[in-house]
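Student: Requesting a structural model of the entry that follows:
(one chain, ligands or ions: 1)
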Amino acid sequence: MTGKNVTLRLLDKADREILKLPRPVKGAIYDFQHKFKTNPDSAGLRLKQLQGHDKLYSARVNDEYRALLLRLADDDWLIVSVKHRKDVYAHLDRLTYSVNRVTGGIEYVDLQVVQEEVLNSPVSRAAAPAEPAAPAEPAAPAEPVEPARPAEPAAPEPLFAKWSEQQLTDLGVAPSLIPVVAALTTEDQLLGLVEYAPQLTGEVLLALYDGKAYDDVLEQVTAPVAAPEPVDPEDFRAAAERPATIVTTTDEALREALEGEDFGRWKVFLHPTQAKLVTRDYSGPARVGGGPGTGKTIVALHRVKHLVERLPAGRNKPVLLTTYNKNLAADLRSRLLALGGETLLSRVEISHVDQLALRTVREAEPGNRKRIIDEAQAVREWRSLLDELGEDRWDAEFLNDEWTQVILGQAVTSRTEYFRARRAGRGGTVTRAERAEIWQLVERFTQRLDRLGVQTWDQIAERAAQLEVARARRIQALDRRREEAGGLDNIHVADGSGGWLRYRYRHIVVDEAQDLRPAHWKMLRAMTAPDRNDLFLVGDTHQRIYKNQVTLGSLGINIRGRSSKLSLSYRTTRQILRSALTLLGDETYDDLDGSSETLAGYRSVLSGAVPDLHRLNDWEEEREAIAALIESWGQMPHEQIAIAVPTNLMVSEVMKTLAQHGIRALEIGPDGPRGDSGVHVGTMFRFKGLEYQRMIIAGVTDGLVPRASVRQRRTTDPARYRTEMQRARSLLFVAATRARDSLDIFWHGEPSPFLKELIKVRPPVAA
Ligand SMILES: Nc1ncnc2c1ncn2[C@@H]1O[C@H](COP(=O)(O)OP(=O)(O)OP(=O)(O)O)[C@@H](O)[C@H]1O
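Tutor: Numbering: from 1, shown residues only. All right, here's what the predicted structure looks like:
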């Protein structure tokens, strides 16, 4: 019998349980869900209500396994667990499900499993926090225990005794777990519980355990996932639709979830805060911030999918997905393919911003075949010019920055405009007479580039922005004429008004937004009509490693009121995250729009070892120690290991040492890793957007991180010193937050000043 319109969803966490089952059982589950959707009442499925539960049912997967399902409505079912037959009926009274009153999401808890796996777990560590010396110290939740008589050690103090049942419930802890929470006395037990508990319960407990104040947890962890409307705890159907019920429904997703090992959970199970951002209808440009690994790229990809699903049918590509460089664009393409296949890709243009700019310029100026030079080459040209002129009052890098950031950055086209131009963020005052001199030098410089037949990426971006802005103006003028003429038909296309002219894209999604140049923003703004859901930007200013600080509002991109933040890291452990945060020091960071932004609430529910610090005597010893460390890791796939160093020369030297030890290595070039297998080695700049199981950062020595030239500016150019120090910190922060499971930091001689706080709490392991 077919034709029934049955919805079958899978609750997250049930999928984790399923992943652990033997392969044939997974196959059986796939067949089961297919049969179930065709007809839940077919005899073979033996669907029956469980005793004592009005919504919980069991159905037969195979001889041994049973699926437990919640009936949300007549033909709407949710798989909450797949268990061995004998484990289902023995403890019926221990299966609990409810609608969380805070989030409005459905939560399922098997108290029997929790009891066995959590409270009876071996207690290997005492109730004390794992890292007694760490900076964001896990607050001992309870008052210090009275010293007990030596013969009779005091019973371990419960971890959460400090908070009342009501307080925990208000934070969103699942009520059925409150007695279990009250009994937790060790970190191992807590981590065990987090594994089985509903998402919010786990996040709340870890945040409290890590020493966060109650009100901060309420504001940073609970409030972002609280249901906006009053929750009816009996309405499971409504609950299933809320983002707090993390489920999948589609056949394809279910199949992938069952296929196992390589299954990307990110494709299917979004965190409620992520899901909200993906599906929201924005009245204009929107921005998503958040620390490393919080899934900003994942949100950008899902957003693209969401936007494409709402497009009218067609063959064109009205959605642009763009990012900082070629390597990252290639990565976005492969992840988008994984998320939505060729059908999705066929509606999306994926290009990095410089490529877009170059295409725009070449389209308008087909004869322009100038060679493109990078920033380092441009600075060298400045130096040659200054040498030739015998000019020693100006510094080549300063002039290049002034040219790119003030003159090109603000599209300054005349000396008079330059006299009036704002130099925000540039530091130091430049007098009118000095501006006159700079202007003259800039003119000579651009003539020199013209003569050499070269152009810089900054020039291309600026030219592209001008062209696109002019194009947008023509479109707007045309729109006005259409309106005045009472419709398109009344316009004569042949009159040169360009009746064909359209905005290039309907929606633009930008990843790594913190590093785009002002000209890029002007170009992107002009490529899409100011409309609902026009621009969606994700990025983290703590990870800005280039000079391009912008105020989006001044570039015509108004994100006010449409800015949000993700704060749960899916990549790295709590231990690595905490250490990485110390690298940022007390710097302040912007929100891309002239105000400041912090990483408050940034957290992880993953746990692992604390990072190791290694102090060596010289660079050669450092390289040998790295090789030895990698050898000690045995047979793990080497592509999961990366080494980040400060300079290109150090990349080659590390590769050489690894080769001497018979360890294959490959360099990460501007277009990504060059080759297939081996340990990835690159300068810190190359690691933007990537992630590795084991991350090594080497050469974190004073004079290298930051470079000595930066520190020299302390007195000569304090404003520039500050911005360069901040970028150098961010670079180290980016490198450290690429790590999933382990982080090892090496240096020789004096450590980088950025390591100061970290060394205080974590003394180096080798000398
Ligand atoms: N909902 C999710 N479920 C499972 N995994 C997720 C989820 N969201 C993100 N991840 C995983 O977390 C990791 C980091 O995600 P992503 O690269 O999107 O973070 P990001 O915020 O863009 O990081 P960065 O700022 O460092 O570039 C990836 O491995 C991704 O697959």
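Student: Of all the residues in the stretch 301-450 of the chain, which one is nearest the ligand?
Tutor: Among the residues of the stretch 301-450 of the chain, L301 lies closest to the ligand, at 7.8 Å counting by CB to the nearest ligand atom. Every C-beta, even on glycine, is put in place using the N, C-alpha and C of the backbone.
Student: ah, wrong one, I meant the stretch 51-200 of the chain
Tutor: Taking CB to the nearest ligand atom, the ligand has its nearest neighbour within the stretch 51-200 of the chain at Q199, 10.0 Å off.
Student: H271 is in contact with that residue, correct?
Tutor: Yes. At 7.2 Å, Q199 counts as touching H271 under the criterion of CB atoms under 8 Å.
Student: from memory A59 sits against A67, does it?
Tutor: Yes. Using CB under 8 Å, A59 is in contact with A67, at 5.1 Å.
Student: which of these two has more neighbours?
Tutor: Per other CB atoms under 10 Å, whichever of A59 and A67 has more neighbours is A67, with 27 against 22.
Student: Could you pull up the contacting residues of the residue in the stretch 601-750 of the chain positioned nearest to the ligand?
Tutor: Of all residues in the stretch 601-750 of the chain, G689 sits closest to the ligand, at 4.6 Å by CB to the nearest ligand atom. G689 is in contact with 297, 323, 327-328, 331, 511-512, counting by CB atoms under 8 Å, 6 or more residues apart in numbering.
Student: quick one: it from K326, how far?
Tutor: As defined by CB to CB, to the nearest Å, G689 lies at a distance of 12 Å from K326.
Student: again, but for P40
Tutor: P40 is 50 Å from K326, by CB to CB.
Student: So which residues of the stretch 101-250 of the chain form helices?
Tutor: Ranges of helices in the stretch 101-250 of the chain, per DSSP state H, counting those that start in this stretch, are 111-114, 165-171, 178-183, 187-196, 199-209, 214-217, 236-241.
Student: Export the third one to CSV, keeping only CA atoms.
Tutor: Going back to what we said before, that points to helix 178-183. Output in CSV follows, covering the C-alpha atoms of helix 178-183 (Å, rounded to 0.1, in the frame of the first residue of the first chain):
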residue,chain,number,x,y,z
ILE,A,178,18.4,17.5,36.9
PRO,A,179,18.7,14.7,39.5
VAL,A,180,21.6,13.3,37.4
VAL,A,181,23.3,16.7,37.2
ALA,A,182,23.0,17.0,41.0
ALA,A,183,24.9,13.8,41.4
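Student: and stretch 621-640, which residues are buried?
Tutor: If you call a residue buried by 16 or more other CB atoms under 10 Å, then stretch 621-640 has these buried ones: 622-623, 625-627, 629-630, 638-640.
Student: wait, what's in contact with the residue in the stretch 401-550 of the chain positioned nearest to the ligand?
Tutor: In the stretch 401-550 of the chain, the residue that lies nearest the ligand is D540 (4.9 Å; CB to the nearest ligand atom). D540 is in contact with 289-292, 296, 514, counting by CB under 8 Å, 6+ apart.
Student: Report pLDDT for it.
Tutor: Predicted confidence (pLDDT) for D540: 94.
Student: Would you mind measuring from it to I559?
Tutor: According to CB to CB, D540 and I559 sit 15 Å apart.
Student: I350 is in contact with R335, isn't it?
Tutor: No. The criterion here is CB under 8 Å, and I350 misses it with R335 at 10.2 Å.
Student: If you rank every helix and strand of this structure by mean pLDDT, what lands last?
Tutor: helix 251-259 (a mean of 69; mean pLDDT, DSSP states H and E).
Student: that's a strand at A642, yeah?
Tutor: Yes. Counting by DSSP: H, G, I helix; E, B strand; the rest coil, A642 is part of a strand.
Student: what sits against it?
Tutor: With CB under 8 Å, 6+ apart, A642 has these contacts: 668, 679-682, 687, 690, 692, 694-696, 738.
Student: give me that answer again for 6 Å
Tutor: Residues in contact with A642, defined by CB atoms under 6 Å, 6 or more residues apart in numbering, are 680, 692, 695.
Student: one step back: which of the contacts of G689 are close to the ligand?
Tutor: Counting by CB under 6 Å from any ligand atom, T297 from the contacts of G689 sit close to the ligand.
Student: So which of the contacts of G689 are in strands?
Tutor: Applying DSSP state E to the contacts of G689, the entries found in strands are T323.
Student: now, which of the contacts of G689 sits nearest A436?
Tutor: Using CB to CB, E512 comes nearest to A436 of these, at 37.3 Å.
Student: The ligand contacts on the protein?
Tutor: So the chain meets the ligand at 265-266, 269-271, 274, 290, 292-298, 540, 543, 570-571, 689, 691, 737 (CB under 6 Å from any ligand atom).
Student: taking those residues one by one, which sit in strands?
Tutor: G290.
Student: I'm done for today, thanks for sticking with me.
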